[in-house]
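S.K.: Give me a 3D structure for the following:
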Amino acid sequence: MSWSRQGDRDEGRRGYHHGNLREALIRAALELIAQKGPAGFTFADAARWAGVSPAAPYRHFRDRDALLADVARRGFELFEAALAHAWNEGRPEPYRAFENVGRAYLAFARNEPAHYSAMFEAGIALDADSGLREAANRAFEVLRRASETLAALVPPEKRPPAMMMSLHIWAMSHGIASLFARGDAGRRTLPMQPEELLEAGVLVYLRGLGLIAAPQPAGE
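M.R.: Presented below is the predicted three-dimensional model:
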């Protein structure tokens, strides 16, 4: 999804003229993040994009950080839905579903770069918005449940802590997404698909935990 099309800008302004100033400001923030990054615009810039006076945004947001927090919260809600859909309660089988979660993570960074940037790069405290921390936790919970399901496939004495496992996978997914899979100018080049890199990294990690058996040499 692109937030830099003229049609999106026009729609944001039309939304305000129909009385929906809050949504117009959200769209303004997404557009400005896409153009300048989360630190590259002011509250007045968002008002100008929406076609209102500099004082108008204060009807809905305390300041620029409050606007960014709302954008981040909405991003995490979309993120949770994407990850939950990919996990699909472990169907068709847990390993395949786990791979699907990783692919959904990268796809979100690619398709929603402005939301992704607001979520992870704006420096907004999770408590800056009444629902931001809850939305972020719900998104992470999908990954934790997936890790817990995989860990449960091995005997208890060999079972890794699901929280540790989910944090490791999150860090790996986030690193690859931020460096190689994002949908903006910050993406680095890679001699393979980001999904292939993530799949290989997760495979090595799961083998190291004993969750996937290492392939046997030919002839054994």
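
S.K.: contacts for stretch 87-100?
M.R.: 86, 101, 142, 145-146, 149-150, 153, 199, 202, 212 (C-beta atoms under 8 Å, 6 or more residues apart in numbering). Heads up, the C-betas are built off the backbone N, CA and C, glycines and all.

S.K.: Try it again at 10 Å.
M.R.: 83, 85-86, 101, 104, 142-143, 145-147, 149-153, 169, 195, 198-199, 202-203, 206, 211-212 (C-beta atoms under 10 Å, 6 or more residues apart in numbering).

S.K.: These in strands, which ones?
M.R.: In this view, the contacts of stretch 87-100 have no member that belongs to strands under DSSP state E.

S.K.: Now a PyMOL select for only the buried ones of these.
M.R.: Applying 16 or more other C-beta atoms under 10 Å to the contacts of stretch 87-100, the buried members can be selected in PyMOL as follows:
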select buried, resi 83+86+101+104+142+143+145+146+147+149+150+151+169+195+198+202+206+211+212
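
S.K.: need the helices for this structure, in chain order.
M.R.: Under the criterion DSSP state H, helices of the chain are mapped to 6-17, 21-36, 43-50, 64-87, 94-111, 113-120, 132-151, 162-176, 194-208.

S.K.: Figure out which of those is closest to residue 58.
M.R.: Closest approach to residue 58 among the helices of the chain (C-beta to C-beta): helix 43-50, 8.4 Å.

S.K.: what packs against that closest one?
M.R.: The contact analysis (3 or more C-beta pairs under 10 Å, 6 or more residues apart in numbering; DSSP states H and E) places helix 43-50 against helix 6-17, helix 21-36, helix 64-87.
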